[in-house]
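**Q** Give me a 3D structure for the following:
(one chain, ligands or ions: 1)
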Amino acid sequence: MADVNNSSMKRDEWEEERMPQPVYKKRTPFMYISAGLRFLKFLWSREIRYYQVRPVDTLFFLTYRCTSKCKTCTLWQRTDKSGELTLDEWKKTVDMCADMGARYFELFGGDALLRPDLLVPLTAYIKSKPGLYCDLVTNCTLMTEEIATGLVEAGMDDIWISMDGIDESHNFVRGNKKSFSKVELTIDWVKKARGKNRLPYLHANTTISNLNYDNFDKVLPYAEKMGMDFNHLEYAGEFWDELLDQSIIDDVRPSPYFVRQDGQSILANSQQAQIIKDKISQMKKDARTMNISLQCENVDKLSTDQMTSGLCDNRRCYITRGKVTVDPRGNVVGCCFYGDWILGNVRDNHLRDIWNNKKHKQFMKHFANRDMKLCEHCIVGVQRNPTAYQNIRDYVTRALGKAQT
Ligand code: SF4
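**A** Just a heads-up that it's a prediction; the model follows:
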């Protein structure tokens, strides 16, 4: 069992783990060597955890309901709130996960702000335990100054704000005309509440697709102007019906939320993919003189061919072996895209009786046997699933100033 109070684990190591390849503003050989050594240490411990099937982090779906109507995600189509866990049940889940060694807790939705009864007290509970980290992913729609201040005071480490463009281009992707105005207010509220403190870090999280390929780069200067800390770029994920039919395991069909809507693909064509690559190349140059960090490893890892086909090189799945994914009703599931592959429920059992049980082992076996066609298109694995060899190869490629083309 991991020691959650291990004081030798510093925040730097966590940042290396969650954001392994920041684009350094001033690149010096020393920085690469020192970052490289930290990275090798991280890869070593990651391999050990992989083989031990040890929980490292968690993904808590506080609710599947959402206030956006994104063209890139279908979670908002899930409207049933029956049976969602209570605050006490989530606290118990935190205890179980921490007992098993998990240290990073992501509060996710849907729109997690649809559970205002949970957000601030659950954050405070997680942060009351030594060595645990907590982050929130939000569209900001229901944010208030009171909640923003409460999150900061509770000790939230990172707030990831979805920002797919500026003003109308953001609202267009989000399917909500007022979305961007709440983003601006939230940034102001969090900055005011954190004052001179560093935390929570504010991340502008930008999903790139054919809907915003020509304007996503406007987020970086805007986020800098607003005083945010990071602009994180991610490429859009996409699945479709035929792929899901080819991914049924033991009669369980995957239930991902990155599914084509009205048959329309959001993947870039080859011309758009090249434009995206060119824009990121320019953004990297710009970011070196800016007061914000650009994180583009996710898109750097993809070639333009992969961007147009949606194919990802997931040779292993570190996610299912290390991330505890809990749905709103307390089901621990195989991964976020196999919500109906249920390992067990935290209402009925301790995580130690669920994790690595027969159902979990069976899921990992299906992955190893390549029974799940879906995994070949799993965008969440692009940064999380590379093997040690792939990671070192990509690190050297980036250190030499090159990127996938
Ligand atoms: S690679 Fe497959 S098993 Fe792993 S998270 Fe993605 S869809 Fe789930």
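
**Q** how about the residues of this protein near the ligand?
**A** Counting by CB under 6 Å from any ligand atom, the chain comes close to the ligand at 314, 317, 319-320, 335, 337-338, 367, 372, 374-375, 378, 380-381. Any C-beta I mention is one placed from the backbone N, CA and C, and that applies to glycine too.

**Q** Columns neighbour count on top of these, output as JSON lines?
**A** Below are the residues of the chain next to the ligand laid out as JSON lines (neighbours: other CB atoms under 10 Å):
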{"residue": "Asn314", "neighbour count": "23"}
{"residue": "Cys317", "neighbour count": "23"}
{"residue": "Ile319", "neighbour count": "23"}
{"residue": "Thr320", "neighbour count": "24"}
{"residue": "Cys335", "neighbour count": "24"}
{"residue": "Phe337", "neighbour count": "27"}
{"residue": "Tyr338", "neighbour count": "24"}
{"residue": "Phe367", "neighbour count": "20"}
{"residue": "Met372", "neighbour count": "24"}
{"residue": "Leu374", "neighbour count": "21"}
{"residue": "Cys375", "neighbour count": "24"}
{"residue": "Cys378", "neighbour count": "24"}
{"residue": "Val380", "neighbour count": "21"}
{"residue": "Gly381", "neighbour count": "23"}
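
**Q** Let's have the residues you listed in TSV, adding distance to Tyr32 and secondary structure.
**A** As requested, the residues of the chain next to the ligand are exported to TSV (distance: CB to CB, whole Å; DSSP: H, G, I helix; E, B strand; the rest coil):
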residue	distance to Tyr32	secondary structure
Asn314	27	coil
Cys317	29	coil
Ile319	28	helix
Thr320	32	helix
Cys335	33	coil
Phe337	35	coil
Tyr338	38	coil
Phe367	33	helix
Met372	37	coil
Leu374	36	helix
Cys375	32	helix
Cys378	30	coil
Val380	28	coil
Gly381	26	helix
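
**Q** ok, so what distance separates the spatially closest residue to Asn212 that is not a sequence neighbour from Lys92?
**A** Counting by CB to CB, 6 or more residues apart in numbering, the nearest residue to Asn212 once its immediate chain neighbours are dropped is Gly165, at 4.9 Å. Using CB to CB, to the nearest Å, we find Gly165 at a distance of 40 Å from Lys92.

**Q** Can you list the strands that the helix or strand where Asp135 lies pairs with?
**A** Using DSSP states H and E, Asp135 falls within strand 133-138. Partners of strand 133-138 in the sheet, by DSSP bridges, are strand 104-108 (parallel), strand 158-162 (parallel).

**Q** Figure out which of the ones you listed is closest to Val219.
**A** The closest of the strands paired with strand 133-138 to Val219 is strand 158-162. By CB to CB, the value is 10.2 Å.

**Q** can I assume Leu243 sits in a helix?
**A** Yes - counting by DSSP: H, G, I helix; E, B strand; the rest coil, Leu243 is found in a helix.

**Q** Could you find the closest non-adjacent residue to Lys301?
**A** In space, Lys301 is closest to Val382, 5.3 Å off (CB to CB, 6+ apart).

**Q** Leaving out chain neighbours, which residue sits closest to the residue of the stretch 1-150 of the chain found nearest the ligand?
**A** Going by CB to the nearest ligand atom, the ligand is nearest to Leu59 of the stretch 1-150 of the chain, at 10.2 Å. Spatial nearest neighbour of Leu59, chain neighbours left out: Thr325 (4.6 Å); criterion: CB to CB, 6+ apart.

**Q** In TSV, list the strands paired with strand 133-138 along with mean neighbour count, distance to Arg198 and mean pLDDT.
**A** Output for the strands paired with strand 133-138, formatted as TSV (neighbours: other CB atoms under 10 Å; distance: least, CB to CB, whole Å; pLDDT from 0 to 100):
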stretch	mean neighbour count	distance to Arg198	mean pLDDT
strand 104-108	23	18	97
strand 158-162	23	11	96
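
**Q** Please verify my assumption that Gln90 contacts Phe61.
**A** Quick fix: residue 90 reads Trp, not Gln. No - using CB atoms under 8 Å, Trp90 makes no contact with Phe61, being 10.8 Å away.

**Q** just to revisit the earlier point, what's the closest of the strands paired with strand 133-138 to Arg115?
**A** From these, taking CB to CB, the stretch that ends up closest is strand 104-108, at 9.0 Å.

**Q** With neighbour numbers in mind, choose between Gly165 and Lys92.
**A** Gly165 (24 against 17; other CB atoms under 10 Å).

**Q** Can you name the residues that contact the more buried one?
**A** With contact taken as CB atoms under 8 Å, 6 or more residues apart in numbering, Gly165 is in contact with 172-173, 206, 212, 215-216, 218-219.

**Q** and those residues, which are buried?
**A** Burial by neighbour count, 16 or more other CB atoms under 10 Å: within the contacts of Gly165 this picks out 172-173, 206, 212, 216, 218-219.

**Q** Reformat these as TSV; add secondary structure and pLDDT.
**A** Output for these, formatted as TSV (DSSP: H, G, I helix; E, B strand; the rest coil; pLDDT from 0 to 100):
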residue	secondary structure	pLDDT
Phe172	helix	94
Val173	helix	95
Thr206	strand	97
Asn212	coil	97
Phe216	helix	98
Lys218	helix	98
Val219	helix	98
